[in-house]
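**Student:** can you look at this prediction? I've put the sequence above it.
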Amino acid sequence: MAIEQTIINNLVYNEEYTRKVLPFLKEEYFSDHSDKVLFQIIENYVKKYNSNPSIEAIAIDLSNKDNVNEQLFNDSKEKIKSIVKDNSTGMDWLLDETEKFCQDKAIYNAIMQSIQIINNQDETSSKGSIPTILSDALSVCFDSHIGHDFIEDYDGRYDFYHKREDKIPFNMSLFNNITKGGLPKKSLNVILAGTGVGKSLFMCHCASSNIVSGYNVLYITMEMAEERIAERIDQNLLDITTDDLRLIPKETYDKKISKLKANLTGKLIVKEYPTACAGSANFRHLLGELKLKKNFVPDIIYIDYINICMSSRLRYGSNVNSYTYIKAIAEELRGLAVEFNVPIVTATQTTRSGYSNSDVGLEDTSESFGLPATADLMFALIASEELDQLGQIMVKQLKNRYNDPGVNRKFVIGVDRGKMRLYDVEQSAQQDIIDDRPAFDKSSFGSEDFERGLPKPKFSKEMFVGFK
């Protein structure tokens, strides 16, 4: 008996099997036209009545079905007669064989569609879509998980609590402290800063640190040219300033790169897109191309920066305000992080008032407050003349899903702008930065309440008001 016939039999007589496999079966997986007709009837019946159809119901629906010629009608009618109940076959075998059937058919159909595209027989798809078509076919899999049972699954939950999460660490201790060891996968992390403060510098430094630690990094830029990003990475890794990089002889540069190449275990790809002309759909296609052509799978993705990305769902200007548009981009990027199991790091600008603000908050996020609502981690980089003289940048946590944001809410890190590098500063530099007062105490009412609680002098002027 062919597997198609076994599937049809169990779709009629095996309710448990039907509920598990019907979401994954497709009409185009069946090669015989009569099997396609019967599957279509069964699928429509289950969706409408939430139960398996009887043989009589299938026969009646077949007789009422339009666009079925006489030959196909007779073939389908004969197939109905061959539908029988089989209680001897185990459920595990049925599920395994059905999953294999779906995978084989999906790959076969994808290859045939790709051939049509190559031969220009499919005008609806371009050749660039072939990697995505093949990738989708290869990812066909039955998902048997239907939720977490709080009581029955407590063992797995305990293991999850004590499992060490796979994270991408920073090379700066306080950032590791506030994130409990680094950036987790499937997360969106946002840097908020004004123009020229150091958003790209921060991402370039972290990208350099990542490849030194053996991670594969994809850096997507829509603000600066690929070469400018690579130049900043060069400055960081080669320990050389911008001016010296332009004056260095080619032979010396080759030696430095050769030495660096021998020590690096990670890989960096920098991809440039025109401003506001690329979004999550383009990035998804890029990831497929990199995996297919270079066998490159990133461990972390940097996107410079989110406000100049394009939404793949919404068209800008078509009755869509900036709040909705930027929030849609953030949701799409976070979905991309989940889909490819990577952390994504991006940046956003402050508002005009936030640029000169020495204490940046979430309200200083430009264009859309929907961005911090979507982000997992959001922190501000703050610069001032005093900090510039000290060679430091202040960091302020704005939102943190990995740890209590009240721990090290503010701290400073060192910056060497000439070599595009960040570093930890001495603990003494943090003394005047750390603010552990509760938010209530910093309010006007809290300050008044604090003053009222201070010990009063034995005699004060107020006690003698009215006396002469």
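**Tutor:** Perfect, thanks for sending it. Residues are numbered from 1 along each chain as shown.

**Student:** give me the nearest residue to Lys267, chain neighbours excluded.
**Tutor:** In this structure, Lys267 finds its nearest non-sequential neighbour in Asn216, 4.9 Å apart by CB to CB, 6 or more residues apart in numbering. Quick note: C-beta positions are derived from backbone N, CA and C, even for glycine.

**Student:** contacting residues around the one you found?
**Tutor:** For Asn216, the contact set (CB atoms under 8 Å, 6 or more residues apart in numbering) comprises 266-269, 296-300.

**Student:** and it, how close does it get to Gly196?
**Tutor:** When distance is defined by CB to CB, to the nearest Å, Asn216 is 30 Å away from Gly196.

**Student:** repeat that for Ile111.
**Tutor:** 51 Å.

**Student:** between the two, which is the more surrounded one?
**Tutor:** Between Ile111 and Gly196, counted using other CB atoms under 10 Å, Ile111 has the larger neighbour count: 14 against 10.

**Student:** wait, is that one part of a helix?
**Tutor:** Yes - counting by DSSP: H, G, I helix; E, B strand; the rest coil, Ile111 is located in a helix.

**Student:** low pLDDT regions in the stretch 1-150 of the chain?
**Tutor:** For the stretch 1-150 of the chain, applying pLDDT under 70 flags the ranges 1, 143-146.

**Student:** so which residues of it form helices?
**Tutor:** Taking DSSP state H, counting those that start in this stretch, the helices of the stretch 1-150 of the chain run over residues 3-13, 15-21, 33-49, 55-63, 70-81, 91-118, 130-138.

**Student:** could you do the stretch 251-400 of the chain as well?
**Tutor:** Using DSSP H, counting those that start in this stretch, the helices of the stretch 251-400 of the chain run over 280-293, 322-340, 352-355, 370-374, 385-390.

**Student:** how near is Lys250 to Ile257?
**Tutor:** With distances taken as CB to CB, Lys250 is found 10 Å from Ile257.

**Student:** my guess is Val342 meets Leu287, correct?
**Tutor:** No - applying CB atoms under 8 Å as the test, Val342 and Leu287 come out as separate, 9.1 Å apart.

**Student:** what's the overlap in contacts for the two?
**Tutor:** In contact with both Val342 and Leu287: Pro298, using CB under 8 Å, 6+ apart.

**Student:** which residues touch Ile382?
**Tutor:** 193, 197, 358-360, 393-396.

**Student:** list the buried residues for stretch 352-364?
**Tutor:** 354-355, 357, 360, 362, 364 (16 or more other CB atoms under 10 Å).

**Student:** make TSV out of those and add distance to Pro405 and pLDDT.
**Tutor:** Converted to TSV, the buried residues of stretch 352-364 look like this (distance: CB to CB, whole Å; pLDDT from 0 to 100):
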residue	distance to Pro405	pLDDT
Gly354	18	70
Tyr355	23	68
Asn357	19	71
Val360	14	82
Leu362	11	84
Asp364	16	82
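
**Student:** export those residues to a markdown table and tack on distance to Met172?
**Tutor:** Shown next, in a markdown table, are the buried residues of stretch 352-364 (distance: CB to CB, whole Å):
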| residue | distance to Met172 |
| --- | --- |
| Gly354 | 24 |
| Tyr355 | 24 |
| Asn357 | 24 |
| Val360 | 19 |
| Leu362 | 23 |
| Asp364 | 23 |
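
**Student:** what's the closest of these to Pro184?
**Tutor:** Leu362 (21.3 Å; CB to CB).

**Student:** excluding covalently adjacent residues, which one is nearest to Ser366?
**Tutor:** Ser366 sits nearest to Gln349 (CB to CB, 6+ apart), 4.5 Å away.

**Student:** oops, could you answer that again for Asn44 instead?
**Tutor:** Closest to Asn44 by CB to CB, 6+ apart is Asp61, at 7.6 Å.

**Student:** for the one you found, give me its contacts.
**Tutor:** Going by CB under 8 Å, 6+ apart, the list of residues near Asp61 reads 41, 44-45, 53.

**Student:** which of the residues you listed sit farthest apart?
**Tutor:** Once CB to CB is applied, those give Asn44 and Pro53 as the farthest pair, at 9.1 Å.

**Student:** who has more neighbours, the two?
**Tutor:** Neighbours were counted for Asn44 and for Pro53 using other CB under 10 Å; Pro53 has more, 22 against 13.

**Student:** thought the more buried one was touching Ile42?
**Tutor:** Yes - using CB under 8 Å, Pro53 is in contact with Ile42, at 5.8 Å.

**Student:** shared neighbours of those two, which are they?
**Tutor:** Val12.

**Student:** how close does Ala429 get to Gly406?
**Tutor:** Ala429 is 20 Å from Gly406, by CB to CB.

**Student:** number of nearby residues for the closest residue to Arg313 other than its chain neighbours?
**Tutor:** Counting by CB to CB, 6+ apart, Ala328 is the residue found nearest to Arg313 once chain neighbours are left out, at 5.6 Å. Close neighbours of Ala328, defined as other CB under 10 Å, add up to 21.

**Student:** what residues are up against Ala328?
**Tutor:** Contacts of Ala328 (CB under 8 Å, 6+ apart): 311, 313-314.

**Student:** any of these buried? List them.
**Tutor:** Looking at the contacts of Ala328 with 16+ other CB under 10 Å, the buried ones turn out to be 311, 314.

**Student:** can I get the contacts of Ala328 in a markdown table with distance to Asn67 and pLDDT?
**Tutor:** A markdown table is the format used below for the contacts of Ala328 (distance: CB to CB, whole Å; pLDDT from 0 to 100):
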| residue | distance to Asn67 | pLDDT |
| --- | --- | --- |
| Ser311 | 39 | 88 |
| Arg313 | 34 | 79 |
| Leu314 | 37 | 79 |
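
**Student:** format the contacts of Ala328 as a markdown table; extra columns: distance to Thr89.
**Tutor:** Below are the contacts of Ala328 laid out as a markdown table (distance: CB to CB, whole Å):
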| residue | distance to Thr89 |
| --- | --- |
| Ser311 | 48 |
| Arg313 | 44 |
| Leu314 | 49 |
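
**Student:** so for the nearest residue to Phe296 once chain neighbours are set aside, what's the pLDDT?
**Tutor:** Spatial nearest neighbour of Phe296, excluding adjacent residues (CB to CB, 6+ apart): Leu290 at 4.3 Å. At Leu290, the model reports a pLDDT of 92.

**Student:** near Leu290, how many other residues are there?
**Tutor:** Residues lying near Leu290 (other CB under 10 Å) number 18.
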